[in-house]
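*Asks:* next one to model:
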Amino acid sequence: MRHSIKNFPALVAVALLAFASVSHAEVERPNIVYLLVDNWGWGDIGLQGSTVPTPEIDAFAAEGMRFLNFNIENQCTPTRSAIHTGRLPIRSGTQKVAAPGEPDGLAPWEYTIAELLSDAGYRTALFGKWHIGAQVGRHPNDQGYDEWWGINEGSNAAAYTATPEFDPEVAAVPHFWEGEKGAPSYETDLYDVSGKTTFDRNITDRAVSYIQHRADDEKPFFLYVGFTQFHPPWVIHPDFAGVSDAGIYSDIKHEVDHNIGRILDALDASGATKDTVVILTGDNGPGTLPQRGGYATGEVGGSTGPWRGGLSTGFEGGLRTPAMIRWPDRVPAGAVSNEIVSVLDMYPTLATLVGEADRIPSDRPIDGIDQSAFFLGEQTTSNREHVVTFVGDNVFAVKWRDMKVHFFTAESTFAEIKQHTFPQVYNIKEDPAEQFELWGNEGFSHAWVMTPVTRILGDLTASMVEYPNIKPGEDFGGYE
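*Replies:* Okay, the predicted model is just below:
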């Protein structure tokens, strides 16, 4: 396994500019591995304050660039949609987690990063959680993946059959799924609490095997790994039960760190590390979830570090997760940045890094911004200075530079939503906990912040008039 580090160098211009000599023209077509952790708090890794060590993740971060201001969407489904399309999820009808039985999923018309890379000659595979299309026809093998194994809906489905009221006559029994491109997916084993206990181990085993078998192929590969930890039901693989002496959530940190280390070790052992871009992020911050029942612990897990809020809120604690990227000799090692990056940016950035930017669709809005020059150290600043946060159908907040404007707020995952008479304004650099509201406390002196925010929202509204949002589950065929 890899080794942890004690001293982590800060991002400095000299470190970045040392890599500026690597031009896009010299870039080959690397493998890509995207590791996505579920409900991951910003403070849940050692480098960002966790009291439970995460040596594998910390060592990996030292080998590339770590983002302190990486912004995802507010729930599982929207973030996965953003990764795959580079589009604001509300455009795709994937702006929230659909309840069982509700229409959901990406329209087949959407052109995913897996489809783009597949069309560019990549082998593609997904192991783990999909959650952007429950129905056959909207599964990973329908959206660009050569093969997949995992679950089609949310991780919480594992607990459905454990509830005493569950009736298989009225609700579908959750299963694992498997599929290959060109054929319908099919159900395999029962997905229940027992199945989730070993799920992430099995995801990791399949990812390791895939790397071992594909590393020497002439074709590069894109491997998407959708872990289900730290999502309820909180269960732990027997190998990690009690290892932290601090409860199941802390045990899970050890499991997550171990599984990530195994995948990175597989790249090392196969000789593919230098030829592989590895991205590690979360999908949203931790949930503030009241726990009860036979499998619950009574704990509230997850650390958001200095940030307020969590899952399904518009506060920073729900929108920032651990995030890092490694590509040896291309992405500068040991870099740490507080520049704003959005998960939307990964789509155009990956397409550009592999020389396939021409495949990015031009018949629809792409909200992601190409960050390849920033990631490669050719510039010290991000190409993004704002993030618009939707929770469901509503714009909850807009972050612009160090300023944050809230129109709606919810304090926690299950809290009521409040609409404010005047927007709430915070300086998140000076006030990361978003506690001192500036608009009211400083007598309207910060009302000027609405100038750039109004322009951002006006441009977005105009775009959505020209390109109307797709409805959830709609069989959309394209814009005329």
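
*Asks:* isn't Thr77 up against Ser92?
*Replies:* No - contact between Thr77 and Ser92 fails when scored by C-beta atoms under 8 Å: they sit 9.9 Å apart. C-beta here means a position set from N, CA and C on the backbone, and glycine is covered the same way.

*Asks:* looking at the chain, which helix or strand is least sure?
*Replies:* The helix or strand of the chain with the lowest confidence, counting by mean pLDDT, DSSP states H and E, is helix 13-17 at a mean of 40.

*Asks:* now the helices: where do they sit in the stretch 151-300 of the chain?
*Replies:* Applying DSSP state H, counting those that start in this stretch to the stretch 151-300 of the chain gives helices spanning 193-197, 199-214, 248-270.

*Asks:* these: which one's closest to Ser412?
*Replies:* Ranking the helices of the stretch 151-300 of the chain by proximity to Ser412 (C-beta to C-beta) places helix 248-270 first, at 16.6 Å.

*Asks:* list the buried ones in the closest one?
*Replies:* Across helix 248-270, burial judged by 16 or more other C-beta atoms under 10 Å covers 248-267, 270.

*Asks:* mind putting the helices of the stretch 151-300 of the chain in TSV, distance to Phe227 and mean pLDDT included?
*Replies:* Shown next, in TSV, are the helices of the stretch 151-300 of the chain (distance: least, C-beta to C-beta, whole Å; pLDDT from 0 to 100):
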stretch	distance to Phe227	mean pLDDT
helix 193-197	11	98
helix 199-214	5	98
helix 248-270	7	97
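
*Asks:* what's near enough to touch the residue most central in space within the chain?
*Replies:* Nearest residue to the geometric centre of the chain (C-alpha atoms, centre = their mean): Asp283, 3.2 Å. Residues near Asp283 by C-beta atoms under 8 Å, 6 or more residues apart in numbering: 36-40, 72-73, 75-76, 79-80, 321.

*Asks:* any chance of those residues in TSV, plus pLDDT?
*Replies:* TSV is the format used below for the contacts of Asp283 (pLDDT from 0 to 100):
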residue	pLDDT
Leu36	98
Val37	98
Asp38	97
Asn39	96
Trp40	96
Ile72	98
Glu73	97
Gln75	96
Cys76	97
Thr79	98
Arg80	98
Thr321	97
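
*Asks:* among the residues you listed, which one sits closest to Glu411?
*Replies:* Gln75 (16.3 Å).

*Asks:* so what's that closest one closest to, chain neighbours aside?
*Replies:* In this structure, Gln75 finds its nearest non-sequential neighbour in Val97, 5.0 Å apart by C-beta to C-beta, 6 or more residues apart in numbering.

*Asks:* same deal with Asp216?
*Replies:* Distance criterion C-beta to C-beta, 6+ apart; nearest residue to Asp216, sequence neighbours excluded, is Ser270 at 7.5 Å.

*Asks:* the one you found and His213 touch, don't they?
*Replies:* No - in this structure Ser270 lies outside contact range of His213 using C-beta under 8 Å: 9.2 Å.

*Asks:* give me the pLDDT for Gly302.
*Replies:* Note on Gly302: pLDDT of 88.

*Asks:* residue boundaries of the strands in the stretch 201-350 of the chain?
*Replies:* 221-226, 276-282, 323-326, 335-337, 341-342 (DSSP state E, counting those that start in this stretch).
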